[in-house]
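1. coords please:
(chains A and B)
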Amino acid sequence: MRWSKYYIPTLRDDQSEAELISHQLLLRGGYIRKLASGVYFYLPLMQRVIDKFSNIVRDEMNKAGALEVTMSVLCPAEVWEKSGRYQTYGPLMMHLKDRHQHDMLLCPTHEESATSLIAGEVRSYRQLPLNLYQIQVKFRDEIRPRFGLMRGREFIMKDAYTFDADEESFARSYQGMVDAYYAIFKRAGLDVLKVESDTGNMGGKRAHEFMLLVDTNAGEEKIAACESCGYAANVEKSKFKDGSGVKPDSEIKEMESIDTPGAATIEEVTAFLKVDATRLVKTLLFVADGKPVAALVRGDRDLNEIKLKRALGAVELEMADADIVNQVTGAPVGFAGPVGLRQEIPLLVDPLAVAVKNCVVGANENEKHILNVNIDRDFKATQVVDLSEARAGDLCPECGEVMVVKDGIEVGNTFMLGTKYSEALGAKFLDAEGNENPCIMGSYGIGITRTPQAALERFHDEKGIIWPKNIAPFLVEIVPLKMEDPAQAEAAEKIYQDLTSAGIDVLIDDRDERPGVKFNDADLIGLPIRLTIGAKSLKNGKVEVKTRASSDMNLVALEDVVEAVQGLAETLN
RNA sequence: CGGGGUGUGGCGCAGUACGGUAGCGCGCAUGCUUUGGGAGCAUGAUGUCGGAGGUUCAAAUCCUCUCACCCCGACCA
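-> Purely as a prediction, here's the structure:
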């Protein structure tokens, strides 16, 4: 491709709309433009990146036995009403009406569509297993789109759905997708970590996320990982053993009320009473699907709302506001406790809070706390369940070694859906004994537009992008320094033809621009290999070969360029 | 939805406390010179100052309402 005939509107200045480096680079490099909040144009370079990545995904999915289909982004509301998600998915879903006033929606994901396709069509276990996938646009009317392609309202996703006759078969299907995912990300030059995750509103039993670890502020997920045995999980799901090493009191003491003027927060109470936060149990009030609940965790731990939501089976969960706290406890925020709440509400208690003997809790009275409170004697838990977020220093639930917490960007996910959708939408088949069973399903996503941007959080330097070779829009950029020099133009053209004939994707910067402009643009757009053609080296029949990632440069004879490029590409990520 | 912020040529910004009819850099166009890391000179084009009302002799600037976008939070791949 010739730059002069292409469209690469690079920008010199940082764009005020972009916070993340990856977002900034896509804008400045002429890869994307914004149409509306969370809605983007993919310019020619980005389209090529999307195509490259999609083709890797397609290739590996096909190898894994998945079959490509296309399901409409439109879907009638009643299909989603059957699964119950029409109600639970909420405003995140884009609703619309057609001209007949039928309720329609733009699919935020395609479990319902895929299942309804199968329902009524697949009748025998002989037709299973089945794995259907598509690479399609999705719409989610995000509360707050941000970070460019990382969280858009429209985005492209590869989504696959498996249908199996039994658990054993499903396990093979699931593993097949996990293996395909590793292969896909490896080919794209990305190291990913598979972690256990919450199933969210997808339903089902278990799920995994594929995370690209980053050390920039783009990390949207926290992962607890054991470097010793390999256990890894999203902190919203992670099991752990407490790493604080606190020992419970052996002697049980009498409850005692105490004035704590001005001490409402954990910090204030610990300072006032001169006790460690591990001696406190905090009572957090939430409203779950409209009803107040109390969640108790040890003073030094953070509650993870996803864990609480899961424990409650709630669709909606939010922190109670001051009015509700007052109404439930009879005291301002900061003095809630499990003993003598004004209203009967469920008490969910974290096991680490249960383990604290003679703990300090709020007294449900302004500026008062209670000392030496003990569960069972002084209050009863409705449910004892893990609510604490895993943190660095906690111990691995598998092997007991110390865990670390890392930042990651989710680039793929896999869900064990069970029979939720197949039952709701009637995707049933007759087994060998003639019994009717619902298909066992899985669903598997990869963010096609998000992943390349996420990759840029890792692969860049102060000058611009450094693409992994297999998702770069072109492998090579040819930079003739002076197009007016016929010798340079001719040499550049010859190399361009040679490389193109060899099946290599080449971009030639044939613009009449100064060398500095070309070099800076080349560094910005980040193609893996740069060939510089200038008077000095051309005199000796040579061109300069350099990778974007390194400052090393080699002189190569004109006739050896194809081979040199191929050899160099082998060595690149 | 709550909190904070920004809207001025294509891009980045100044001008707004104190109203007087719009400016800088980059980019763009043309010409000449230049050509190994974002060139120089000359000439030129491009703005109903986000929108609507209002105050005033006069509004980018003051007032009211509105819209869009960004950041923090809730939500989420």
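2. use CA for all of it now, contacts and neighbours both
-> Will do.
3. Can you tell me who A:Arg2 pairs with across the strands?
-> On the basis of DSSP bridges, A:Arg2 is bridged to A:Ile508.
4. Let me know the pLDDT of A:Thr199.
-> Each residue has a pLDDT score; the one for A:Thr199 is 83.
5. And A:Asn217, by the same measure?
-> As predicted, A:Asn217 sits at a pLDDT of 73.
6. gap between it and A:Ala492?
-> Per C-alpha to C-alpha, to the nearest Å, A:Asn217 is found 41 Å from A:Ala492.
7. These two: which has the busier surroundings?
-> Neighbours per residue (other C-alpha atoms under 10 Å) separate A:Asn217 from A:Ala492, with A:Ala492 holding more: 26 against 12.
8. Kindly indicate whether that one is helix, strand or coil.
-> Under DSSP: H, G, I helix; E, B strand; the rest coil, A:Ala492 falls in the helix class.
9. OK, contacts around it?
-> Each residue near A:Ala492 by C-alpha atoms under 8 Å, 6 or more residues apart in numbering is listed here: A:Ile478, A:Val479, A:Pro480, A:Ile508, A:Ile533.
10. Could you do A:Met46 as well?
-> By C-alpha under 8 Å, 6+ apart, the contact list for A:Met46 reads A:Tyr31, A:Ile32, A:Pro473.
11. Could you tell me whether it really is in a strand?
-> No. A:Met46 is assigned helix when assessed by three-state DSSP, not a strand.
12. most neighbours, which of the contacts of A:Met46?
-> Each of the contacts of A:Met46 was scored for neighbours by other C-alpha under 10 Å, and A:Pro473 scores highest at 27 neighbours.
13. does that residue count as helix, strand or coil?
-> In the three-state summary, A:Pro473 is assigned as coil, counting by three-state DSSP.
14. isn't it right next to A:Leu527, touching?
-> Yes. The criterion here is C-alpha atoms under 8 Å, and A:Pro473 meets it with A:Leu527 at 7.2 Å.
15. hey, what's A:Gln383 bridged with?
-> Per DSSP bridges, the residues bridged to A:Gln383 are A:Leu348.
16. Quick one: neighbours of it, just the number.
-> When neighbours are counted by other C-alpha under 10 Å, A:Gln383 registers 15.
17. What does the pLDDT read for it?
-> Here, the pLDDT recorded for A:Gln383 equals 93.
18. Was I right to think it contacts A:Val354?
-> No. A:Gln383 is not in contact with A:Val354 according to C-alpha under 8 Å; the separation is 10.8 Å.
19. if we can go back for a sec, in helices only, show me the contacts of A:Ala492.
-> Secondary structure from DSSP state H places none of the contacts of A:Ala492 in helices.
20. Grab the nearest non-local neighbour of the residue minimising distance to the centre of chain A.
-> Central residue of chain A (C-alpha atoms, centre = their mean): A:Glu410, 2.1 Å from the mean position. Distances taken as C-alpha to C-alpha, 6 or more residues apart in numbering place A:Met211 nearest to A:Glu410, at 4.6 Å, with adjacent residues excluded.
21. For that neighbour, name its beta-bridge partners.
-> Under DSSP bridges, the beta-bridge partners of A:Met211 are A:Leu193, A:Glu410.
22. pLDDT value on it, please?
-> On the pLDDT scale, A:Met211 is placed at 96.
23. Then A:Lys546?
-> You'll see A:Lys546 listed with a pLDDT of 97.
24. In PDB, list the C-alpha atoms belonging to the helix or strand harbouring it.
-> For A:Lys546, the element it lies in under DSSP states H and E is strand A:542-547. Extracted in PDB, the C-alpha atoms of strand A:542-547 (Å, rounded to 0.1, in the frame of the first residue of the first chain):
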ATOM      1  CA  LYS A 542      22.200  -1.000   0.400                       C
ATOM      2  CA  VAL A 543      19.100  -0.200   2.400                       C
ATOM      3  CA  GLU A 544      18.800   0.100   6.100                       C
ATOM      4  CA  VAL A 545      16.800  -2.500   7.900                       C
ATOM      5  CA  LYS A 546      15.500  -1.800  11.500                       C
ATOM      6  CA  THR A 547      12.800  -3.100  13.800                       C
END
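25. Now do it: which elements does it pack against?
-> Identification of packing neighbours for strand A:542-547 by 3 or more C-alpha pairs under 8 Å, 6 or more residues apart in numbering; DSSP states H and E yields strand A:529-533, strand A:553-557.
26. quick one: buried residues of it?
-> A:Lys542, A:Val543, A:Glu544, A:Val545, A:Lys546, A:Thr547 (16 or more other C-alpha atoms under 10 Å).
27. Next one: the residue nearest to the first one when sequence neighbours are not counted from RNA strand B, what distance?
-> It refers to A:Lys542. Using C-alpha to C-alpha, 6+ apart and skipping the chain neighbours, the partner closest in space to A:Lys542 is A:Ala557 (4.3 Å). The gap separating A:Ala557 from RNA strand B is 13 Å, by C-alpha to the nearest atom of the strand, to the nearest Å.
28. and if you look at A:Ala77?
-> To RNA strand B, A:Ala77 is 19 Å away according to C-alpha to the nearest atom of the strand.
29. Quick one: the helices in the stretch 151-300 of chain A, in order.
-> Here the stretch 151-300 of chain A has its helices, by DSSP state H, counting those that start in this stretch, at A:167-187, A:266-273.
30. Between those, which one is closest to RNA strand B.
-> helix A:167-187 (14.1 Å; C-alpha to the nearest atom of the strand).
31. so for the closest one, what's the average pLDDT?
-> Rounded mean pLDDT across helix A:167-187 is 98.
32. Any buried residues in that helix, and which?
-> Within helix A:167-187, the residues that count as buried by 16+ other C-alpha under 10 Å are A:170, A:173-174, A:176-178, A:180-185, A:187.
33. for stretch A:101-109, same thing?
-> In stretch A:101-109, counting by 16+ other C-alpha under 10 Å, buried: A:Met104, A:Leu105, A:Leu106, A:Cys107, A:Pro108, A:Thr109.
34. For the third one, list the residues it contacts.
-> Right, the one you point to is A:Leu106. A:Val73, A:Leu74, A:Cys75, A:Met93, A:Met94, A:His95, A:Leu96, A:Lys138, A:Phe139.
35. how close does it get to RNA strand B?
-> Computed as C-alpha to the nearest atom of the strand, the A:Leu106 to RNA strand B distance reads 13 Å.
36. and if you look at the fourth one?
-> When distance is defined by C-alpha to the nearest atom of the strand, A:Cys107 is 12 Å away from RNA strand B.
37. and that residue, what does it touch?
-> A:Cys107 touches A:Val73, A:Leu74, A:Cys75, A:Met93, A:Met94, A:Lys138, A:Phe139, A:Arg140, counting by C-alpha under 8 Å, 6+ apart.
38. how about stretch A:453-473: buried residues?
-> Neighbour-count burial for stretch A:453-473 [16+ other C-alpha under 10 Å]: A:453-461, A:464-473.
39. Same question for stretch A:264-272.
-> A:Ala264, A:Ile266, A:Val269, A:Thr270.
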